[in-house]
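Trainee: Give me coordinates for this.
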Amino acid sequence: QLQVVESGGGLVQPGGSLRLSCVASGFTLDNYAVGWFRQAPGKEREGVSCITSSGGRRVYADSVKGRFTISKDNAKNMVYLEMNSLKPEDTAVYYCAAGDWGFGYCPPRPEEYDYWGQGTQVTVSS
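Mentor: Here you go, the predicted model:
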């Protein structure tokens, strides 16, 4: 079964940190760009970050620049999202998605991704 699975969400206080993980099964991430999206209640799904298949290029939403870091370990078939200085407005369900794109392309639109995880809840609250 081809799928990606997220983990690492939870409840954290403002200013705290979390690391989300995304593991692929049934396929290898070597040729896949991977994106993280999030969706808060009543809001549309938004792109948070993306990393190209080679890991050579990373893209971040303005709202998370300087606070979040995406990384990729092709040997472990995993992608990580390190989230620091978390704010209440970061509260959302976070999704990992993999898209069969090469040539340094990071898809900005959800419909450009092939596989989606079930999501992991991140809650930032005191």
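Trainee: Residue 80 should be in a strand, yeah?
Mentor: Yes. According to DSSP: H, G, I helix; E, B strand; the rest coil, residue 80 belongs to a strand.
Trainee: isn't it right up against residue 70?
Mentor: Yes. Using CB atoms under 8 Å, residue 80 is in contact with residue 70, at 7.0 Å. To be clear about C-beta, it is placed using only N, CA and C from the backbone, and glycine gets the same treatment.
Trainee: Looking only at neighbour counts, state which of those two leads.
Mentor: Using other CB atoms under 10 Å as the criterion, residue 80 and residue 70 rank with residue 70 on top: 24 against 20.
Trainee: Bridging across strands, which residues link to residue 20?
Mentor: Taking DSSP bridges as the rule, residue 20 bridges to residue 81.
Trainee: for residue 47, same thing?
Mentor: The partner residues for residue 47, given DSSP bridges, come to residue 37.
Trainee: cool, and residue 24?
Mentor: residue 4.
Trainee: In this structure it contacts residue 30, no?
Mentor: No. The pair residue 24 / residue 30 is not scored as a contact, 10.0 Å apart, by CB under 8 Å.
Trainee: Tell me which of the two has more neighbours.
Mentor: residue 24 (23 against 14).
Trainee: Tell me who's in contact with the more buried one.
Mentor: Residues in contact with residue 24 (CB atoms under 8 Å, 6 or more residues apart in numbering) are 3, 4, 32, 77, 78, 98, 115.
Trainee: Can I get those residues in TSV including pLDDT, neighbour count and distance to residue 50?
Mentor: Shown next, in TSV, are those (pLDDT from 0 to 100; neighbours: other CB atoms under 10 Å; distance: CB to CB, whole Å):
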residue	pLDDT	neighbour count	distance to residue 50
3	92	14	19
4	96	26	14
32	94	26	11
77	95	18	17
78	96	17	15
98	97	25	11
115	97	18	14
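Trainee: Grab the most central residue of the protein for me.
Mentor: residue 36 (2.3 Å; CA atoms, centre = their mean).
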